[in-house]
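Asks: Prediction below, plus the sequence it came from.
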Amino acid sequence: MRRFLRSFRFAVSGVAYTVRTQRNMRIHLAFAVAVIVAATALGVSALEGAVLALAAASVMALELVNTAVERTIDRIGPDPHPLAKTAKDAAAGAVLVAAAGAALAGLFILGPPLWRLLFGG
Ligand SMILES: Nc1ncnc2c1ncn2[C@@H]1O[C@H](COP(=O)(O)OP(=O)(O)OP(=O)(O)O)[C@@H](O)[C@H]1O
């Protein structure tokens, strides 16, 4: 149990570091909070809420991995290298793909009830 708590503390510190240092992570977090508020206010189903939660968590999880890749490359060496560029760009691309999927999920799930709320029908 003590080992589990220790690992949990390290993991939380990784999340805290990423929130503190990565502006994009703070943006993802703000979006996640906005989506939770909107989903609750619009009364989406449990399944829709679960899809939104998974989508938001995936984006933030990949931002954590992106930060890990960036820091690892910087630790290996600050000199410009095509492989370093490929690794960093691919990690950033993973975040982009997840964010695009999350935006689509949000649009499909929150779009119709939001439209009805704003424009009736
Ligand atoms: N060692 C390197 N060799 C070649 N290209 C690099 C290298 N480091 C970074 N780059 C290029 O510069 C871009 C920005 O890298 P950088 O490390 O500044 O990312 P960032 O998202 O600004 O991260 P952070 O500011 O959190 O460190 C990378 O996506 C990559 O295209």
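Replies: Alright, I've got the coordinates.
Asks: what comes up buried for stretch 110-121?
Replies: Neighbour counts over stretch 110-121 (16 or more other Cβ atoms under 10 Å) mark 110, 113 as buried. Using the backbone N, CA and C atoms, a C-beta is placed for each residue, glycine as well.
Asks: From the chain's centroid, how far away is it?
Replies: Relative to its parent chain, stretch 110-121 has a centroid offset of 26 Å by Cα atoms, centre = their mean, to the nearest Å.
Asks: Could you do stretch 103-121 as well?
Replies: With Cα atoms, centre = their mean, you get 21 Å for stretch 103-121.
Asks: Kindly report the same for stretch 37-45.
Replies: With Cα atoms, centre = their mean, you get 19 Å for stretch 37-45.
Asks: which residues of this structure fall in helices?
Replies: 2-21, 23-42, 46-76, 82-119 (DSSP state H).
Asks: closest to the ligand out of these?
Replies: Closest to the ligand of these, according to Cβ to the nearest ligand atom: helix 82-119, at 3.4 Å.
Asks: any idea of the angle that closest one forms with helix 23-42?
Replies: Interaxial angle, helix 82-119 versus helix 23-42 (axes from the mean of the first three to the mean of the last three Cα atoms, to 10 degrees): 20 degrees.
Asks: Report the inter-axis angle for helix 82-119 versus helix 46-76.
Replies: Using the same axes, to 10 degrees: helix 82-119 against helix 46-76 is 150 degrees.
Asks: The ligand contacts on the chain?
Replies: Contact residues, the chain versus the ligand (Cβ under 6 Å from any ligand atom): 22, 70, 73, 80-81, 84-85, 88-89, 92.
Asks: Can I get the buried part of those as one ChimeraX selection?
Replies: Buried subset of the residues of the chain next to the ligand, written as a ChimeraX selection, criterion 16+ other Cβ under 10 Å:
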select :22,70,73,84,88
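Asks: Pretty sure Ile76 is one of the things Ala84 touches, is it not?
Replies: Yes: Ala84 lies in contact with Ile76 (Cβ atoms under 8 Å); the separation is 7.4 Å.
Asks: thinking again about what came up before, now the residues of the chain next to the ligand in JSON lines, please, with extra columns for pLDDT and distance to Val35.
Replies: Compiled in JSON lines, the residues of the chain next to the ligand are given as follows (pLDDT from 0 to 100; distance: Cβ to Cβ, whole Å):
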{"residue": "Gln22", "pLDDT": "98", "distance to Val35": "19"}
{"residue": "Glu70", "pLDDT": "97", "distance to Val35": "26"}
{"residue": "Ile73", "pLDDT": "97", "distance to Val35": "31"}
{"residue": "Pro80", "pLDDT": "95", "distance to Val35": "38"}
{"residue": "His81", "pLDDT": "96", "distance to Val35": "38"}
{"residue": "Ala84", "pLDDT": "97", "distance to Val35": "34"}
{"residue": "Lys85", "pLDDT": "97", "distance to Val35": "33"}
{"residue": "Lys88", "pLDDT": "98", "distance to Val35": "28"}
{"residue": "Asp89", "pLDDT": "98", "distance to Val35": "27"}
{"residue": "Ala92", "pLDDT": "98", "distance to Val35": "22"}
